[in-house]
Every structure is written in C-alpha cells, then in structure tokens.
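K.L.:
Kindly return the folded structure for what I paste below:
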Amino acid sequence: MSPLENDRPLLAERIHEEEEEEAAYEEAEKVHIENDDERDLEYGVGCGGAPPFSWKKLWLFTGPGFLMSIAFLDPGNLEGDLQAGAVAGYSLLWLLMWATAMGLLVQLLSARLGVATGRHLAELCREEYPTWAGMVLWVMAELALIGSDIQEVIGSAIAIQILTNGIFPLWAGVLVTALDCFVFLLLENYGIRKLEAVFAVLIGTMGVAFAWMFGQTKPSGSELLIGILVPKLSSRTIQKAVGVVGCVIMPHNVFLHSALVQSREVDRRQKYRVQEAINYYTIESTIALTVSFVINLFVTAVFAKGFYNTDLADSIGLVNAGQYLQDKYGGGLFPILYIWGIGLLAAGQSSTITGTYAGQFIMGGFLNFKMKKWLRALITRSCAIIPTIIVALVFDSSEATVDVLNEWLNVLQSIQIPFALIPLLCLVSKEQIMGSFKIGPLYQTVAWLVAALVIMINGYLLLEFFSSAVSGVFYTGLVTVFTASYGAFIVYLIARGINFTPWRSKAESS
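P.N.:
The predicted structure follows:
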C-alpha cells in the first residue's frame, strides 16, 4: 500500500456505492486528473505536506467555475447593470465588486460541498431532510429555475429581434432559443471539455462585445476608479443598490456548482487529493468571477457614460437599451446596436443552456430517478419555454409589460434564495456530512452574515414590491398567510441546521 493511501478523510465512510442512485456524472464522463505520487511524496504529502502547485492541473480543473460564472452574466444581471449605470452613474461600482465577492463566497462553499462529499446539493437535501421538506425544497428550486430561465430566454429573443432588424418577433426568438437544449445534448455527447470550450467562446464573445462598447463610448477612467474604491449611496440610488446585491445569489446556481465540480476525478479516499481539488477550484472560481465582474463593469460604465443624469435614465431597460445606444452613439463601421445584440445573445444563449444543465441536476438529485438525458432536458426546457411563449405573445409590442414581468420574476427568485443558502450553510458546517472538510467557526460566521445580509436585502425588495403591488382584503390576507408559512419554513430550516441529525440515518436506526 502506498504511504499516500493512509491519509483518509473522515468522510470516507459516507462515500456511497449504490449503483442505482442517480449520479451527476458517470465515471467515463469525468475528466481524468493525472497525479504524480512519487513527486508528491518528495513534498511530504501524506505526512502533513501539500501537493505542489501545477499549472497543468489548474488547467484540468478549469471549467466548472466559468460555467457557474455565467449566472452572473445572464440578461437579468445585464439589465440590472445598465439600469444601475443609467440611474446611479459610476457610484455603485464598489457595491458591484463586493456583491460579486459575496457571490464568490457562496459558490466556493457549494464547490467545497460537492468535492468533499461526492454528492451535489440537491442529492444531499434529499438524503438529509425529511421527504416533505425535500419536496418543498425541490419545488422552490424548480420555481427559481423557471423564473431565471424565462428572463434568459426573453433576453435571447430580444437579441435575436435586434440582430434580425425586427424580422423575428419575440415569440419566434423564444422558439429559436428553445432549440438550445438540443444543442446542449449534442455538445454533451462530445465530452465535458468540449462543452466547457463552447461556454468559454460565449464568455469571450460577451467580453469582446462589451469591451468594444466600452472603448467606443469612452467612460471616464477617474470616475470609474472612484466608483470602485469609494462607497457612496443616496436616496435616489438605494433601490438600485439593493437590486445589485439581490441579484448576485441565483438559487439554481448554488445547486449547479456543487454538481459541476464532480466532473473531475478526485480520489476522496485520500484527504490531500480532496483538499487539492478544493484549492484549484477556489483559484479557478475566483478567476472566473473576476472576469464576470469586469464584463458587468463594462456594461455599467457604458450606460453611466451615456445616460446618467438624462431624461432617459429612468425608462431604459433590456428591450430599448440597444436602440437608445444607437440613437446616442450612431452607426459607424460596426453599429453599437448590433454589438450590444451580439453580447446579449451570447449572454442569453449561454445562460439558458446552463439553466438546462442545472435543471437536470436539480430534478435528478431531488427525485432520484434515472431518465434519458434528452427527455429530462426536454422536460426542463418545456417548463420554461411554454410560459415564456405565452408571455412573449402578450407583451411582444409592449416594453412596459417587460418591466412588470421582470419585477415579478425577480420576486419569484428572491423568495427562493433562503431555500438554497440555508441548506448549503447547514450541510457544509456539519462534520457528519463534510468530515474533516467542514468549515471552521470563523468561516461559518462570515458565511452566515453574508447569507443574512442577502436574505434581508431580498426581504426588503419583497416588502417594497408587495406593499405597492398588492391591495384589497383578499389579496392582503393571501399574502399574509403565505408570508407566515414562508417564515415558518425558514425557521424550521435554521432550527434543523442547529440541531442536525441526518434524517436518513434517523429513519434507518428506528
């Protein structure tokens, strides 16, 4: 036996060998990570030492973080960026930076959970919570995914409408976007690295398009730097500030990242290999979200330069943003309207495909039944496409209705955030689940503070929305009953996290 094999994590007993259970990836699908045990022994690995850093290994682990980062670049986030820039100028860039850092913290916890346990969040929720609670969490995750998916599909459809000069109506763009699930299935058959390469191209397309716009509009460098370094809020910008933080945590993305990290071969019998994978995923995710921050910064700065302190600032949105840019900056060799359309299309297409991906993991993890990938992708995509087509037919000629739709979809996703964050933090803090890879007291404190901040901010958004949108005794009563049930379930999740006994273990012992 190799000396390295003696260093086993506490969680080794939790590695499941039940072949009938649904897995995120089959062994044949995983990316092989080459290890040099002799070289590792020279560095004292297995005796308290750590494997040496390797650029080659970092490259092999690169991919899941960039797929995860697409949720920070979806059309909903881009709309938040452009509105923040138009209304608040450069003054909220510091908040965008720190909001991205908070999102990174949550995603690193999700990756840690997936690597250390070999299970993703949806699977663990099914295993560790009573059946009724698991079903509630599943429904909430599906609703969050549908809400996000509708925004992404609408964003793609708007981009297609721009690039075809209006030849394609919005509903036709939705149908074209619906075909992406079959593109996804085709790409998946060629291996995970090929799929990751396609997403890298789409992220690169967004980067080039929005950097081109940034260069063409020439935002103020000094004001941009001040906006990043100097915190500033006002009564006029507070609502946009809350929106910037509120849209950082995407519930389905928390589930997704814990599954994506299982696409690499990691020997969980060897504790240092698990730690090595966590370290590389930390580096990769940090780089990926830094790239997403820069892209979001480009969009915010472009609209801050063009529309801050103008009469159009309060009316700009995803539907009319391209035309406003065209009216402001004109044509040229490459009209800015089409550059914006290309970037928006890349954002919409990449995020809808990752939405399909997330839907497969969520459904498979919570329900634990095997289904052909094409059928599961079709079901996942239909859940979003059917209501989106209905919505597209309704507001095809009305920009105002798009804003109303987005408000309701943002509310739908805000409601779901605690049901991804709280189980994640409870699970990643428990030795029964994580073994020696549970997070320490300081990390727990910071993570819970971030979660509490995000939940309170989204609670503020919900309060503001319902206070203005709900009227009448019946609807007020309905919202009150819902709020009471909602709060009770959150309290249950937190209480169960404090006094944690895995439900499956309790059931088996009884």
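
K.L.:
what's S156 in contact with, if anything?
P.N.:
S156 sits next to P75, G173, V174, V176, T177, L344, L345, G348, Q349, T352 when contact means Cβ atoms under 8 Å, 6 or more residues apart in numbering. Placement of C-beta: from N, CA and C, glycine included.

K.L.:
roughly how far apart are it and Y190?
P.N.:
23 Å (Cβ to Cβ, to the nearest Å).

K.L.:
What's the end-to-end length of stretch 238-257?
P.N.:
Its start and end residues considered, stretch 238-257 measures 30 Å (Cα to Cα, to the nearest Å).

K.L.:
Look up the closest residue to the residue nearest to the spatial centre of the chain, ignoring the ones flanking it.
P.N.:
Residue closest to the average C-alpha location in the chain (Cα atoms, centre = their mean): N253, at 3.2 Å. Nearest-residue entry for N253: A71, 4.0 Å, with adjacent residues in sequence omitted and distances by Cβ to Cβ, 6 or more residues apart in numbering.

K.L.:
I'd assumed M250 was in contact with the one you found.
P.N.:
Yes - between A71 and M250 there is a contact at 4.4 Å, judged by Cβ atoms under 8 Å.

K.L.:
burial count for T217?
P.N.:
Counted by other Cβ atoms under 10 Å, the residues lying close to T217 total 18.

K.L.:
can you check N309 too?
P.N.:
With neighbours defined by other Cβ under 10 Å, the count for N309 comes to 9.

K.L.:
sec struct for it, please.
P.N.:
Remark: N309 carries the secondary structure label coil [criterion: DSSP: H, G, I helix; E, B strand; the rest coil].

K.L.:
Report the separation between it and Q239.
P.N.:
For N309, the distance to Q239 (Cβ to Cβ) stands at 17 Å.

K.L.:
for V274, same thing?
P.N.:
As for V274, its distance to Q239 is 43 Å (criterion: Cβ to Cβ).

K.L.:
who has more neighbours, these two?
P.N.:
Residue environment comparison for V274 versus Q239 gives the larger neighbour count to V274, 25 against 16, counting by other Cβ under 10 Å.

K.L.:
Report the contact partners of the more buried one.
P.N.:
Residues near V274 by Cβ under 8 Å, 6+ apart: P9, V115, A116, V266, R268, F437.

K.L.:
got a list of what L145 touches?
P.N.:
Counted by Cβ under 8 Å, 6+ apart, L145 has contacts P251, H252, G355, A358, G359, I362, T380, C383, A384.

K.L.:
Please apply the same query to G80.
P.N.:
With Cβ under 8 Å, 6+ apart, G80 has these contacts: K240, G243, V244, C247.

K.L.:
what does the model give the last one for pLDDT?
P.N.:
What the model reports as pLDDT for C247 is 72.

K.L.:
And what about V266, helix, strand or coil?
P.N.:
Three states are possible here, and by three-state DSSP the one that applies to V266 is coil.

K.L.:
tell me the contacts of it?
P.N.:
Residues in contact with V266 (Cβ under 8 Å, 6+ apart) are I33, V115, G118, R273, V274, A277.

K.L.:
And it, what's its pLDDT?
P.N.:
Looking at V266 specifically, the model assigns a pLDDT of 88.

K.L.:
now Y129
P.N.:
90.

K.L.:
what's the answer for I422, then?
P.N.:
93.

K.L.:
quick one: which helix or strand includes it?
P.N.:
Assigned by DSSP states H and E, I422 belongs to helix 418-428.

K.L.:
which other residues reach that helix?
P.N.:
Applying Cβ under 8 Å, 6+ apart, the external contacts of helix 418-428 come out as 106, 109-110, 112-113, 121, 124-125, 128-129, 136-137, 140-141, 144, 249, 251-252, 254-255, 258, 433-434, 438-439, 444, 447-448, 451, 454-455, 489-490, 493-494, 496-497, 500.

K.L.:
If any of those are buried, give me the ChimeraX selection for them.
P.N.:
Buried members of the contacts of helix 418-428 can be picked out in ChimeraX with the line below, counting by 16 or more other Cβ atoms under 10 Å:
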select :106,109,110,112,113,121,124,125,128,129,136,137,140,141,144,249,251,252,254,255,258,433,434,438,439,447,448,451,454,455,489,493,496,497,500
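
K.L.:
send the alpha carbons of stretch 213-223 over as PDB?
P.N.:
The C-alpha atoms that make up stretch 213-223 are tabulated as PDB, following Å, rounded to 0.1, in the frame of the first residue of the first chain:
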ATOM      1  CA  MET A 213     -18.800  49.200 -26.400                       C
ATOM      2  CA  PHE A 214     -16.700  50.400 -23.500                       C
ATOM      3  CA  GLY A 215     -13.900  51.600 -25.900                       C
ATOM      4  CA  GLN A 216     -16.400  53.300 -28.300                       C
ATOM      5  CA  THR A 217     -18.200  55.200 -25.500                       C
ATOM      6  CA  LYS A 218     -15.000  56.100 -23.600                       C
ATOM      7  CA  PRO A 219     -16.300  56.300 -20.000                       C
ATOM      8  CA  SER A 220     -14.300  58.400 -17.500                       C
ATOM      9  CA  GLY A 221     -11.400  56.400 -16.100                       C
ATOM     10  CA  SER A 222     -11.100  58.600 -13.000                       C
ATOM     11  CA  GLU A 223     -14.800  58.400 -12.200                       C
END
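
K.L.:
What ranges does the stretch 201-350 of the chain have for its helices?
P.N.:
221-229, 238-246, 251-260, 271-307, 321-329, 336-367 (DSSP state H, counting those that start in this stretch).
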